[in-house]
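Student: Show me the folded form of this:
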Amino acid sequence: MGFDLLAGYVRVIDAEGNSDDLPGRGFNRDTLRYGGNINWRPGGGLFSWRVGYLGTYNFFENGTFERLNNVRHQFNTRGRWRFLPRSALLWESSYHLVRYTHPDTPQNDGDVVRTRVGFHGLVTYHLSLLGMLGWTASFYQPQVRSIAPRQFDSFLADAEARWFFQTRPNLDDANVATGISSVALGYTRTFGDSYWGSFYQKDRGHIEFSMFILGAVVGGIEFGVARIGFPEVVSVAPATTQPAFSQVRIDGKLFAEYRFTDTLAVNTTFRFDQVNSPIVANEDLKFTRWQAYLGVRWFM
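Tutor: Predicted coordinates for the structure are as follows:
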């Protein structure tokens, strides 16, 4: 039995979709994350169980949008049972709460329940398959000045086929961090809280290639295309209705790392995002964003 703790900070830059955008304004927001997990692995790791909590505080730098500040609490559990040397059954469930901190928020407080079950296995020494299927139900509640709550009640899915260029004897070492080159094709259907309406549904397909060469160089490239759907939004005050709409999102990631020793490495990551969206409530939601990161990794 063991435990782990986590803490993190992320700053996201998002401009408003109109001609009045100013540097340092827009939808720029900061996110603080904190939490921990308890892990249990009896039977030499054939069975594992994880129970944890994740707290998130999101706040906007522009005072115009402080009504969207919120706190989120997520209680989660997941497990794995290895019933064959190279295969495992997976399951996970979570209970998620979102609470907006401003009394005049236009958003809905709510609770979300998620659960999924699936399979992960090396069906040959080169081919790994992952498949998970589940369900999500939301329970959003109206606030004093909020939009009329809409509910999501549908399935979740995650599927991936991955081909390893070198043979793998087990599941635990099947990733590029341990020196395994591979190519993967996958699909994911997810659901999340949204600042436009109560929620969004996302269907994304992706292709990924990763490599480990000369015992020191790690590289990877990923490309994805997603459809993001938003439901109809009915505002109470003033009384307005915004029809449902969808966006197409293209994303890419390039990663490279050089390992000086067995314990020290430096890396760089480049990200690209492009959103194609109709104009919604006089807001042009289309954007293109480039990001670049430098990092240092220390292996324990």
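Student: neighbouring contacts of stretch 45-61?
Tutor: Stretch 45-61 is contacted by residues 6, 24-25, 27-41, 66, 68-82 when judged by C-beta atoms under 8 Å, 6 or more residues apart in numbering. C-beta: built from backbone N, CA, C; applies to glycine.
Student: ok, of these, which come out buried?
Tutor: 25, 27-29, 35, 37, 68-70, 72, 74, 76-80, 82 (16 or more other C-beta atoms under 10 Å).
Student: Which of those residues fall within strands?
Tutor: 29, 35, 37, 70, 72, 74, 76-80, 82 (DSSP state E).
Student: Could you dump these into JSON lines and include distance to residue 117?
Tutor: Shown next, in JSON lines, are those (distance: C-beta to C-beta, whole Å):
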{"residue": "29", "distance to residue 117": "34"}
{"residue": "35", "distance to residue 117": "23"}
{"residue": "37", "distance to residue 117": "20"}
{"residue": "70", "distance to residue 117": "30"}
{"residue": "72", "distance to residue 117": "24"}
{"residue": "74", "distance to residue 117": "19"}
{"residue": "76", "distance to residue 117": "15"}
{"residue": "77", "distance to residue 117": "13"}
{"residue": "78", "distance to residue 117": "10"}
{"residue": "79", "distance to residue 117": "10"}
{"residue": "80", "distance to residue 117": "11"}
{"residue": "82", "distance to residue 117": "15"}
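Student: List just the nearest of the residues you listed to residue 235.
Tutor: Using C-beta to C-beta, residue 70 comes nearest to residue 235 of these, at 18.4 Å.
Student: show me the residues around the closest one that make contact.
Tutor: By C-beta under 8 Å, 6+ apart, the neighbours of residue 70 are 57-58, 98-101, 107.
Student: 6 Å instead?
Tutor: Counting by C-beta atoms under 6 Å, 6 or more residues apart in numbering, residue 70 touches 58, 98, 100.
Student: again with residue 293
Tutor: Each residue near residue 293 by C-beta under 6 Å, 6+ apart is listed here: residue 269.
Student: change it to 7 Å
Tutor: By C-beta atoms under 7 Å, 6 or more residues apart in numbering, residue 293 lies in contact with 268-269.
Student: Next: residue 286.
Tutor: Here residue 286 is in contact with 275-277 (C-beta under 7 Å, 6+ apart).
Student: what sits up against the helix or strand harbouring residue 33?
Tutor: Residue 33 belongs to strand 29-40 when elements are defined using DSSP states H and E. Applying C-beta under 7 Å, 6+ apart, the contact partners of strand 29-40 are 1-12, 48-61.
Student: Secondary structure element holding residue 192?
Tutor: Assigned by DSSP H and E, residue 192 belongs to strand 182-193.
Student: Tell me how far residue 145 lies from residue 44.
Tutor: Distance, residue 145 to residue 44, by C-beta to C-beta, to the nearest Å: 56 Å.
Student: more crowded one of the two?
Tutor: residue 145 (15 against 7; other C-beta atoms under 10 Å).
Student: which residue packs closest to that one, ignoring adjacent ones?
Tutor: Once flanking residues are discounted, residue 145 sits nearest to residue 104: 5.2 Å by C-beta to C-beta, 6 or more residues apart in numbering.
Student: List the contacts of the one you found.
Tutor: Counting by C-beta under 7 Å, 6+ apart, residue 104 touches 67, 144-145.
Student: how about it, phi and psi?
Tutor: phi -110, psi 30 (degrees, to the nearest 10).
Student: can you check residue 64 too?
Tutor: Per degrees, to the nearest 10, the backbone of residue 64 is at phi -60, psi -30.
Student: try residue 123
Tutor: Dihedral angles (degrees, to the nearest 10) for residue 123: phi -80, psi -20.
Student: With the flanking residues excluded, which residue is spatially nearest to it?
Tutor: residue 129 (5.6 Å).
Student: Can you give me the buried ones in whichever helix or strand the one you found is part of?
Tutor: Element membership of residue 129 [criterion: DSSP H and E] is strand 127-141. By neighbour count with 16+ other C-beta under 10 Å, strand 127-141 contains the buried residues 128, 130, 132, 134, 136, 138, 140.
Student: Just put those in a markdown table and tack on distance to residue 193 and pLDDT.
Tutor: Output for these, formatted as a markdown table (distance: C-beta to C-beta, whole Å; pLDDT from 0 to 100):
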| residue | distance to residue 193 | pLDDT |
| --- | --- | --- |
| 128 | 31 | 91 |
| 130 | 25 | 96 |
| 132 | 21 | 97 |
| 134 | 17 | 97 |
| 136 | 11 | 96 |
| 138 | 9 | 95 |
| 140 | 9 | 94 |
